[in-house]
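In: I would like to see how this sequence folds:
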Amino acid sequence: MSAEEKRKVILDIYHESKDVYTEKEIIVLATKAGVNVNTIPDINTSLVDDGLVDKDKIGGSNFFWSFPGKRDRLLQLEHEKVLTEIEVTKVKLVSAEGKLADAKRGREDEDGQRAKKIARLRELAEEKKSMEGELESLKENDPQVLADLKKELNLVTDAANRWTDNIFTCKSYLTKKRGMSSKEACTLLGINSEFDYPEDKISTRKAK
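Out: As a prediction, this is how the structure comes out:
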């Protein structure tokens with residue numbers, strides 16, 4: 001006989017008789033019902049601990065009893081508790097789904113152009129770097145070529161600055177409107193803390 005079967009046998013004794021017993025009396029009745037005598041006190045105590053059997057001490061003796069309605073009431077209370085927990089979980093789930101949707105909106109590429117902007121900015125940076133090198137090699141050459149190259153370099157620089165503005169605008173939106181940290185925004189945009197306008201980087205390098 002399993003422990004659960006023993007619990008049922010002892011509980012049925014209480015419910016069928018609807019009487020009050022001492023521990024000695026319940027041991028005798030449970031033994032007659034086929035429960036191992038050595039396990040009855042522990043099983044009876046577990047029923048008390050679970051609230052299925054009531055216990056009271058009168059004088060020097062402990063008395064035990066349990067009525068069918070008590071188990072039904074406990075099952076009802078447990079059912080109500082589970083229903084309450086389900087409702088609370090539903091509310092938490094809705095809240096979590098809302099936060100997740102909001103987080104996803106914060107990471108969306110709203111105009112579908114962010115990746116292209118970043119790629120184009122990198123192209124312009126490489127083109128600018130190449131032109132700067134060419135400019136250095138042409139400083140002592142034809143003045144007109146040099147003037148034209150400077151003009152083209154300025155155009156590229158302006159374009160790079162506009163793309164940089166776009167990136168900083170995206171970063172500002174993510175930090176101020178979506179609550180991201182500066183580090184999180186940089187990671188999302190594919191930039192690091194050293195990201196800056198091209199001319200600022202040039203000035204920094206010259207200063208060094």
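In: secondary structure element for the residue nearest in space to the middle of the chain?
Out: Closest residue to the average C-alpha location of the chain: A96 at 8.1 Å, with C-alpha atoms, centre = their mean. Secondary structure from DSSP states H and E places A96 in helix 68-106.
In: now the helix or strand just after that helix: mean pLDDT?
Out: Later in the chain than helix 68-106, the nearest helix or strand by DSSP H and E is helix 114-137. Helix 114-137 comes out with an average pLDDT of 78.
In: do the same with stretch 186-201
Out: 74.
In: what does stretch 5-15 give?
Out: Per-residue scores along stretch 5-15 average to 89.
In: report the buried residues of it.
Out: 6-7, 9-11, 13-15 (16 or more other C-beta atoms under 10 Å). The way it works is simple: take the backbone N, C-alpha and C, and place the C-beta from them, glycine included.
In: and what of stretch 38-53?
Out: So for stretch 38-53, counting by 16+ other C-beta under 10 Å, buried means 40, 43-44, 47, 52-53.
In: looking at these, which is nearest T175?
Out: L52 (57.9 Å; C-beta to C-beta).
In: doesn't L11 make contact with the closest one?
Out: Yes: L52 is within contact range of L11, at 6.1 Å (criterion: C-beta atoms under 8 Å).
In: G34 and K177, how far apart?
Out: G34 sits 72 Å away from K177, going by C-beta to C-beta, to the nearest Å.
In: repeat that for T89.
Out: For T89, the distance to K177 - C-beta to C-beta - is 31 Å.
In: which outside residues touch stretch 156-170?
Out: By C-beta atoms under 8 Å, 6 or more residues apart in numbering, the residues outside stretch 156-170 that reach it are 114, 117-118, 120-121, 124-125, 127-128, 131, 185, 189, 191, 195-199.
In: in helices, which of the buried residues of stretch 38-53 fall?
Out: 40, 43-44, 47 (DSSP state H).
In: turn the residues you listed into TSV, columns for distance to G59.
Out: Shown next, in TSV, are those (distance: C-beta to C-beta, whole Å):
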residue	distance to G59
I40	22
I43	24
N44	19
L47	22
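In: how about these, which pair is most distant?
Out: So, those by C-beta to C-beta: farthest apart are I40 and L47, at 10.6 Å.
In: now do the shared contacts for the two.
Out: Joint contacts of I40 and L47 (C-beta under 8 Å, 6+ apart) are I10.
In: what count of nearby residues applies to N154?
Out: 10 (other C-beta atoms under 10 Å).
In: can you confirm it is in a strand?
Out: No: assignment of N154 by DSSP: H, G, I helix; E, B strand; the rest coil gives helix, placing it outside any strand.
In: from R122, how far out is it?
Out: With C-beta to C-beta as the criterion, N154 and R122 are 20 Å apart.
In: then N166?
Out: 13 Å.
In: neighbour count: those two, which is higher?
Out: More neighbours surround N166 than the other of N166 and R122, with 16 against 13 (other C-beta under 10 Å).
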